[in-house]
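Participant: Fold the following and give me the result.
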Amino acid sequence: MEEREAGIAVGFGVITLRDRAETGEAALEQLYDEYARALFRYALSLLGSAEDAEDAVQDVFIRIARERRRLDGVRNPKAYLFAAARNAAYSILRSKRRRNEIADETHSSFHAQPAAEEPSAKALALRERFALLPVEQREVLALKIFEQMTFREIAKAVGASISTVASRYRYGIDRLRRALEED
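Facilitator: Numbering: from 1, shown residues only. You can find the predicted model right below:
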């Protein structure tokens, strides 16, 4: 049996995937360990539901596990994974819209907090205003602020130009600032 290798950059190292299951599983596990939490936060900011965010992240890793060739030639796994999470989240949103359930969903929480910790009134107001932003602005703000991605990385993840991403960021921040000043 011939073994093919595909180098996949992860963090500062390189994971080498082989057709052997145990090596591929270890590489997939490393990707999951490194990115799952960040992908969950991102999906949560788009979907407003922890359950849906978990489904989106799970979908990303199931697809990769089933089709390891998806990672062949990927130079920036972070951008690839965030783009895949975005696609999964948008798929969930489209499905909800078709079933007319999107109106019933609450988008008030984009960060899961420990039950013992009560958010401040300002934090609650910010969450409410954040949830009212267009999804394109919410996703850029979430990736920039919470995941500390560059505009270039965000552009790759969302499939938009860097100037579009920067504009969405600026407009989102301006809207939040104005809304909080009104309060």
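Participant: which helices and strands sit right next to the longest helix anywhere in the chain?
Facilitator: Across the chain, the longest stretch assigned as helix under DSSP state H is helix 21-47. Applying 3 or more Cβ pairs under 8 Å, 6 or more residues apart in numbering; DSSP states H and E, we find helix 21-47 packed against strand 5-10, strand 13-18, helix 50-66, helix 77-98, helix 135-141. Where C-beta positions appear, they are placed from N, C-alpha and C, glycine not excepted.
Participant: what's Ala88 in contact with, if anything?
Facilitator: Ala43, Asp55, Ala56, Val57, Asp59, Val60 (Cβ atoms under 8 Å, 6 or more residues apart in numbering).
Participant: Return the distance of it relative to Asp55.
Facilitator: For Ala88, the distance to Asp55 equals 8 Å [Cβ to Cβ, to the nearest Å].
Participant: do the same with Arg41
Facilitator: From Arg41 to Asp55 the distance is 15 Å (Cβ to Cβ).
Participant: just for the chain, where's the confidence low?
Facilitator: Low-confidence segments of the chain, defined by pLDDT under 70: 1-24, 98-117, 183.
Participant: mind running it again at 80?
Facilitator: Residues of the chain meeting the criterion pLDDT under 80: 1-25, 68, 70-72, 95-123, 183.
Participant: Need the residue closest to the centroid of it.
Facilitator: Tyr42 (3.3 Å; Cα atoms, centre = their mean).
Participant: in the longest helix of the chain, what counts as buried?
Facilitator: By 16 or more other Cβ atoms under 10 Å, the buried positions in helix 21-47 come out as 24, 27-28, 31-32, 34-36, 38-47.
Participant: what's the answer for stretch 171-178, then?
Facilitator: So for stretch 171-178, counting by 16+ other Cβ under 10 Å, buried means Tyr171, Gly172, Ile173, Arg175, Leu176.
Participant: List the residues that contact Glu147.
Facilitator: Contacts for Glu147 (Cβ under 8 Å, 6+ apart) come out as Ala38, Arg41, Tyr42, Phe82.
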